[in-house]
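> Fold the following, please.
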Amino acid sequence: MVEYILISLVAIAVYVIINIFKKLEVSEDKVLALMDSHEDLKRRISDTITYMREIDSKGGFESDDEVGTVFDALKHELELLEDVYDIIDN
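Sure thing, here's the model as predicted:
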């Protein structure tokens with residue numbers, strides 16, 4: 001009788017462990033996908049900031065006109081994103 005109870009408990013424990021392991025693998029896959037997306041977003045923000053600085057260095061936009069004001073606002077927002085994502089220009 002005791003053997004049947006122990007066998008049942010072991011079977012239940014094995015089932016629970018296998019189920020948790022499957023859920024862990026799914027969670028790890030999702031975390032890796034999110035990390036890849038995050039790295040891609042950081043790269044895209046860095047590229048955009050570099051391009052905006054390149055455009056700005058040519059002096060193509062004056063801050064006194066409407067386009068220059070929008071350009072400065074966009075540049076400011078990108079710099080905030082740069083701070084949030086700790087993007088360091090090389």
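> Look up phi and psi at K42.
Main-chain torsions, K42, degrees, to the nearest 10: phi -60, psi -40.
> Which parts of the chain are strands?
For the chain, applying DSSP state E gives no strands.
> In it, where is pLDDT below threshold?
Applying pLDDT under 70 to the chain flags the ranges 59-65, 87-90.
> gap between the residue nearest the centre of it and E28?
Centroid-nearest residue in the chain: H38, 2.1 Å away (criterion: Cα atoms, centre = their mean). Counting by Cβ to Cβ, to the nearest Å, the gap from H38 to E28 is 15 Å. Glycine gets a C-beta too; all of them are placed from N, C-alpha and C.
> burial of L78, as a residue count?
Neighbour count of L78, defined by other Cβ atoms under 10 Å: 19.
> got the contact list for it?
Counting by Cβ atoms under 8 Å, 6 or more residues apart in numbering, L78 touches 45, 48-49, 52.
> okay if I get those residues as JSON lines plus distance to Y15?
Converted to JSON lines, those look like this (distance: Cβ to Cβ, whole Å):
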{"residue": "I45", "distance to Y15": "45"}
{"residue": "T48", "distance to Y15": "50"}
{"residue": "I49", "distance to Y15": "51"}
{"residue": "M52", "distance to Y15": "56"}
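> Now do stretch 20-32: everything it contacts.
For stretch 20-32, contacts defined as Cβ under 8 Å, 6+ apart pick out no residues.
> residues of that stretch that come out buried?
Using 16 or more other Cβ atoms under 10 Å as the test for burial, stretch 20-32 gives no buried residues.
> okay, it in PDB with CA atoms only?
The C-alpha trace of stretch 20-32 is given here as PDB (Å, rounded to 0.1, in the frame of the first residue of the first chain):
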ATOM      1  CA  ILE A  20       7.400  23.500 -15.300                       C
ATOM      2  CA  PHE A  21      10.400  22.700 -17.500                       C
ATOM      3  CA  LYS A  22       8.300  23.200 -20.700                       C
ATOM      4  CA  LYS A  23       7.000  26.500 -19.400                       C
ATOM      5  CA  LEU A  24      10.500  27.600 -18.600                       C
ATOM      6  CA  GLU A  25      11.700  26.900 -22.100                       C
ATOM      7  CA  VAL A  26       8.900  28.900 -23.600                       C
ATOM      8  CA  SER A  27       9.700  31.800 -21.200                       C
ATOM      9  CA  GLU A  28      13.400  31.700 -22.200                       C
ATOM     10  CA  ASP A  29      12.500  31.800 -25.900                       C
ATOM     11  CA  LYS A  30      10.300  34.900 -25.300                       C
ATOM     12  CA  VAL A  31      13.000  36.600 -23.200                       C
ATOM     13  CA  LEU A  32      15.700  35.900 -25.900                       C
END
